[in-house]
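>>> Need coordinates for the following:
(chains A and B)
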Protein chains: 2
Amino acid sequence: MQEEKKVINELVTTLKDRDTERFLSLAEGLHYADLAEVFEGLSEDERNFFTETMGAEKFAEVITDLPDTLVEGALGQFSSDDQREILDQVSDDDRVDLLQDVSEESRDRLLELVEPDDIEVTKSLLRYGEDTAGGRMTTSFGKVRLGLTVKEALDELREAHADSETLARVYVTDEKDRLIGRLRIRDLAFNKWDSPVSEIYRPCKHTILASADQEDAAQMFSKYDLIVLPVIDEQDRLLGIITYDDALEIIEEESTEDIERMAGMAGEVSEDSYLNTTLSTHFKRRFPWLLGLAFLAIASGYVMLKFEHVLDELFILALFLPMVVAAGGNTGGQASTMVIRAMALGELDSGETSRVAWKELRLGLILGSLLGVCIALTTIFVLPLFYSEMPVEIGFVRFGIAVAIAITAQITTSTLVGSLLPIGARRVNIDPAVVAAPAITTIVDVSGMVIYFLVAKLVLL
Amino acid sequence: MQEEKKVINELVTTLKDRDTERFLSLAEGLHYADLAEVFEGLSEDERNFFTETMGAEKFAEVITDLPDTLVEGALGQFSSDDQREILDQVSDDDRVDLLQDVSEESRDRLLELVEPDDIEVTKSLLRYGEDTAGGRMTTSFGKVRLGLTVKEALDELREAHADSETLARVYVTDEKDRLIGRLRIRDLAFNKWDSPVSEIYRPCKHTILASADQEDAAQMFSKYDLIVLPVIDEQDRLLGIITYDDALEIIEEESTEDIERMAGMAGEVSEDSYLNTTLSTHFKRRFPWLLGLAFLAIASGYVMLKFEHVLDELFILALFLPMVVAAGGNTGGQASTMVIRAMALGELDSGETSRVAWKELRLGLILGSLLGVCIALTTIFVLPLFYSEMPVEIGFVRFGIAVAIAITAQITTSTLVGSLLPIGARRVNIDPAVVAAPAITTIVDVSGMVIYFLVAKLVLL
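The predicted structure is shown next:
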């Protein structure tokens, strides 16, 4: 890895010096993922030099690894002939990804550049949504008919699939193109050449519908340690395959999406790295939530105004007010995170709401009462050392008990809200991660204020 | 998938009915990952029936997929002979995982049951930490010497590696066991049988040291679309391989860990599913942070006490107090999330702190001033409709401006704190995710109180 870092740094220098020859020889030794990373960090001028010097054929590999937002610009640096070359070089799923990354106009224009051989499959793949199994699959894979012998199958594969993305699995289909089973190259290589394929194939246990969510596909990979997952249509016809590297990508994307949504970030996850994401993209993703939550938070202020008389009478209540409110936010955030992650990992079925509620109710009571006891003890034994104005008719003990009750009530409410809101969101088809921490914190802030003042009023005044 | 769900449900019924025969025939058709999931959800009694009926040989597959915490109990249900059978059946990396999941006493006892053939490799694998590349690797893979021909290589592989975890890659080593290159089975299968291996192997571009972090290994898989990654020692000797399914697992584990830490959950990520995690584990992971943050939050209350005179003089300030404080928490949480995720994806080098600070400083100023303007406008045009006690010498305009200034200052401070604290944490080798949202929220709550009251005092009173 150190070696690579050095080559990458040198490559960046050659870009600044416009040293064509050295650039090409260095680029030759690098993986296209590294080249894409370098390209992302370049200025406009350097990118022009990069694409011009590298040429369409080699750049075709790099462009498939660029963040979505850079694809249109990168393609635009090439002539139509070069664009045709790029679209020809890439695999069919990458071609579709590229076409999905550009504006609609560009897509129509680029589609005309696609080779006649590829146009049909490209158009049919474009029909699937980007986030479905069909949108992720490739149509280049090894396929043999049920009727062949091992020798015939090997010959056919060698000819037809020299450029297949993977031959780790070969699929067996019947005359209607329905998926019958699978083979490994070694099943063919280590078998007698006149054995019929029909005798050596294994059944395919795991398949996925083209219309299914890509997350379901990724979960099947991780659960069953798959390397390839065949994608079929409603008639069991084999349409394509998804490979393990797609699954890795899906899992990383979905985790990032969840993490960002949970922190109150709006919109699509940026494919650019943090530092390369523009200020305006950052702004657009953060501001809507900030604004919405700010207005929601005014409700807390309104509650405070309404209970002015309570604070007036016993201002020492202010000492624990932010704590009670914040404890609800923290515990609600914990509960929602656990539940959202459990749903993302496919652990929670929709029928289990009451089990979740029961678990969090007990947990909230335990967490709340224990924290309450800790704070009450502090109030009774430590606070008197610093504070001498506690009214005699109230006293530190009663004050501590009131705070403890408020904490218990607030934490119990908050764990329930935190765990049930994401489940409710899923019921009405909202991404659970969207209602996570920030939204929940703001909501339980309001309830915390009300609980705290009500308890104080009832117990103390 | 529907089909499987049905079989699983039926299996659970046979468990309740203690229907041995039907249980075995249903279990036969299920993947061990499904069986492990069923086992996890069972009562003690049902688990006993499950292990007894299934027997050691078949259960050996299931136990490798169980959460860590269930391994010791499951092993304990078997006799020593059965335990020996299980340890013999599993692959060497799975055996080491099992041994790492049990108590030290059990480990020593179980080690004595390991077959003499396997004991050396087992002990050597146990030396690597669970979270290192060495701790993840398996030592069963295809390996051929440089001097062989294709035919000799194929014969050798067929004999020696019938039970290898993967033959997708075969590695070529020299006489000192140093890694020279790699082959694919198809390179062998599609080549003349008398060609020397030395002429057809390809170089290995990507390798990892056994002592490296497992996260580095996973990042290499996702970046370079690897299917297998060879693990070497300092002398370039080939020790083992990590496969794509390990990478999937690592990425899921690390994402879950980050997500949970960011929500203020202490301790190790539970391998049990959310509903199967015990109440006491949930409690232990949530309470420490709740308690710590609660005491930290008292600082906010203390600030409020100190500024009692400001609230006394102008209680309408309370209306926007929770909002200014919360806006800081929200924006700080967003900033920290972006930075922590960027670090987890390997996007941020340690030299880039100043670029992050510069980005977040500008972003904070823009977000803060815009939100400030929105709130000021609300204060000037909407508040007068509901509130009639604003002192004339202050007026709604001046009040609105003061709130806007406070918001801008608070949000700018918070984005800086939120983005720089995780970077600082990494510098001193604390997991950045630990100082995320809840900790940052609590810290900026205090700063928000101070900023709000100071601005109010300076501008209004």
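>>> Who are the contact partners of whichever residue of the stretch 51-200 of chain A sits closest to chain B?
When distances are taken as C-beta to the nearest C-beta, the stretch 51-200 of chain A reaches nearest to chain B at A:Ala189, 3.8 Å away. Heads up, the C-betas are built off the backbone N, CA and C, glycines and all. Counting by C-beta atoms under 8 Å, 6 or more residues apart in numbering or on different chains, A:Ala189 makes contact with A:Leu154, B:Leu154, B:Ile185, B:Arg186, B:Leu188, B:Ala189.
>>> Contact partners for the residue nearest the centre of chain A?
In chain A, the centroid-proximal residue (C-alpha atoms, centre = their mean) is A:Glu254; its distance is 1.6 Å. Going by C-beta under 8 Å, 6+ apart, A:Glu254 touches A:Glu215, A:Ala218, A:Ala344.
>>> Of the contacts of A:Ala189, just say which sits nearest to B:Asp19.
Minimum distance to B:Asp19 across these is 43.2 Å, recorded for B:Ile185 (C-beta to C-beta).
>>> so how far is chain A from the closest one?
Noted for B:Ile185: a distance of 5 Å to chain A, by C-beta to the nearest C-beta, to the nearest Å.
>>> quick one: that residue and A:Asp194, what's the gap?
The spacing between B:Ile185 and A:Asp194, counted by C-beta to C-beta, to the nearest Å, is 21 Å.
>>> For these two, indicate the residue with more neighbours.
The neighbour comparison of B:Ile185 against A:Asp194 (other C-beta atoms under 10 Å in any protein chain shown) goes to B:Ile185, with 22 against 9.
>>> okay, the more buried one: pLDDT?
B:Ile185 is assigned a pLDDT of 77 by the prediction.
>>> Could you do the one 3 residues further on as well?
Predicted confidence (pLDDT) for B:Leu188: 82.
>>> residues contacting it?
Taking C-beta under 8 Å, 6+ apart, we find B:Leu188 in contact with A:Ala189, B:Val150, B:Ala153, B:Leu154, B:Leu157, B:Val170, B:Ile200.
>>> Just give me the closest of those residues to A:Gly267.
Within the contacts of B:Leu188, proximity to A:Gly267 (C-beta to C-beta) peaks at B:Val170, which comes in at 46.1 Å.
>>> Now do the phi/psi pair for the closest residue in space to the closest one that isn't next to it in sequence.
Excluding the flanking residues, the one nearest B:Val170 by C-beta to C-beta, 6 or more residues apart in numbering or on different chains is B:Gly142, at 3.6 Å. For B:Gly142, the backbone dihedrals (degrees, to the nearest 10) come out as phi -80, psi 130.
>>> close enough to count as contact, B:Gly142 and B:Thr173?
No: with contacts defined as C-beta atoms under 8 Å, B:Gly142 does not count as touching B:Thr173, sitting 11.0 Å away.
>>> Just want to know which of these two has more residues nearby.
Shown here are B:Gly142 and B:Thr173; by other C-beta under 10 Å, B:Gly142 has more neighbours (25 against 17).
>>> returning to that earlier point: which stretch of helix or strand covers the residue nearest to the centre of chain A?
In this assignment (DSSP states H and E), A:Glu254 forms part of helix A:244-262.
>>> now A:Val144, what's its secondary structure?
Classification of A:Val144 by DSSP: H, G, I helix; E, B strand; the rest coil places it in strand.
>>> Neighbours of it, how many?
Counted with other C-beta under 10 Å, residues neighbouring A:Val144 total 22.
>>> mind checking pLDDT for the residue nearest to it when sequence neighbours are not counted?
Nearest residue to A:Val144, sequence neighbours excluded (C-beta to C-beta, 6+ apart): A:Ala153, at 4.4 Å. pLDDT for A:Ala153: 87.
>>> next one: the one 5 residues further on
At A:Arg158, the model reports a pLDDT of 78.
>>> That one touches A:Ile185, doesn't it?
No: A:Arg158 is beyond contact range of A:Ile185, at 10.6 Å (criterion: C-beta under 8 Å).
>>> which residues does the residue lying closest to A:Met265 once chain neighbours are set aside contact?
Closest residue in space to A:Met265, ignoring its immediate chain neighbours: A:Arg285 at 4.8 Å, by C-beta to C-beta, 6+ apart. Counting by C-beta under 8 Å, 6+ apart, A:Arg285 touches A:Glu260, A:Met265, A:Ala266, A:Gly267, A:Ser270.
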